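Trainee: Have a look at this prediction, sequence included:
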Amino acid sequence: MANTRSLANATALRDEDVLRRVRHLGSARKGLWEWRLQRQTALALIPLGLYFVASMLRLALADQLTAARWLSSPVPALLTILFVTAMFAHAVVGLRSVLVDYVHTRARLEAAELLVRAAAILLAVASVLAVPSFSSADREAEDAQRLRHHRSFL
Amino acid sequence: MERPVSPFMFPVWYRFQINSALSILHRLAGIALAVGSILLAWWLIAVAAGGEVFAATHAFIASPIGILLLFFWSVAFFYHLCNGIRHLAWDAGWGSSSERPISPAMSCSPRRSC
């Protein structure tokens, strides 16, 4: 990309005098948008993250019925969806800056960024889609438990 | 070749300072959190899927390795949270004043590179 030389570039005395084309990774374009998104999701993640970690203290080792019941009530469901979305957006921007620092080939950088973004979108959408289905999982688990109680009576 | 070459500068030729150590720790914690969030999303999907998938996930999380991973993820979370608040304070403008800070090394302001 940096090897095409027009006549104007060729006749400039020194490149640092006249920079006619932005080199390397190009101009920042959506860089400021990403920077602001990073800070906004960081602000949102302070309460959301604390809330999520506090609930995980109770739920990480709980059985499915407890977890599904907690996640089927509206406020935890909403906060979990918000947390997952904000966290994956924040993670993508953060990992992008790490990749830009340490991957030096353009092709590998693009491939790595694509991979990270694809994984984040996949996990985020899957998690968000999982939350409304908690109400049906809740009912399923309750039915299963009811069946087990009936069987123990026989 | 005797001269110091990156990444072999630490700790012989370039001593860690508190601000650079905290900064790289922030980055490492962020990467650890991102990797751990895969397990987090997996757990959410497993709770929704139920049955076999949830049993396997729960067995992994309840195992000693799982508990250790959860613990380290929490450590990384709280460190990244507190240092992140420090970053946000810098972005808001605090911390780059001309008065004497508590320790010169703590004044890792946006004006000084960390």
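Mentor: Yes, it's here. Numbering: from 1, shown residues only, chains lettered A, B, ... in the order given.
Trainee: How about the residues of chain B by chain A?
Mentor: B:27, B:30-31, B:33-34, B:37-38, B:41, B:43-45, B:47-50, B:54, B:58, B:61-62, B:70, B:74, B:77, B:81, B:84-85, B:87-88, B:91 (Cβ under 8 Å from any Cβ of the partner chain). C-beta coordinates here come from the backbone N, C-alpha and C atoms, glycine included.
Trainee: The residue positioned nearest the centre of chain A in helix, strand or coil?
Mentor: Residue closest to the average C-alpha location in chain A (Cα atoms, centre = their mean): A:Phe88, at 1.5 Å. Under DSSP: H, G, I helix; E, B strand; the rest coil, the three-state class of A:Phe88 is helix.
Trainee: cool, and the one 4 residues further on?
Mentor: Under three-state DSSP, A:Val92 falls in the helix class.
Trainee: Excluding covalently adjacent residues, which one is nearest to it?
Mentor: Computed as Cβ to Cβ, 6 or more residues apart in numbering or on different chains, the closest residue to A:Val92 that is not its neighbour in sequence is A:Ala120, at 4.8 Å.
Trainee: neighbours around that neighbour, how many?
Mentor: By other Cβ atoms under 10 Å in any protein chain shown, 21 other residues sit near A:Ala120.
Trainee: Any of the residues of chain B next to chain A buried? List them.
Mentor: With burial judged by 16 or more other Cβ atoms under 10 Å in any protein chain shown, the buried subset of the residues of chain B next to chain A is B:30, B:33-34, B:37, B:41, B:43-45, B:47-48, B:50, B:54, B:58, B:61, B:70, B:77, B:81, B:84, B:87.
Trainee: Now tell me what touches the helix or strand that contains A:Ala126 from outside.
Mentor: In the assignment (DSSP states H and E), A:Ala126 maps to helix A:106-130. For helix A:106-130, contacts defined as Cβ atoms under 8 Å, 6 or more residues apart in numbering or on different chains pick out A:1, A:25, A:80-81, A:84-85, A:88-89, A:91-92, A:95-96, A:99-100, A:103, B:37-38, B:41, B:44-45, B:47-49.
Trainee: before we move on, what about stretch A:42-52?
Mentor: Contacts of stretch A:42-52 (Cβ under 8 Å, 6+ apart): A:79-80, A:82-83, A:86-87, A:90, B:77, B:81, B:84-85, B:87-88.
Trainee: What is the burial count for A:Leu71?
Mentor: 24.
Trainee: same check, this time on A:Ala42
Mentor: So A:Ala42, with other Cβ under 10 Å, has 21 neighbours.
Trainee: Identify the residues contacting the residue most central in space within chain B.
Mentor: In chain B, the centroid-proximal residue (Cα atoms, centre = their mean) is B:Ala29; its distance is 1.7 Å. Shown in contact with B:Ala29 (Cβ under 8 Å, 6+ apart): B:76-77, B:79-80, B:83.
Trainee: top of the residues you listed by neighbour count?
Mentor: B:His80 (24 neighbours).
Trainee: Checking that one next. Helix, strand or coil?
Mentor: Secondary structure of B:His80, per three-state DSSP, is helix.
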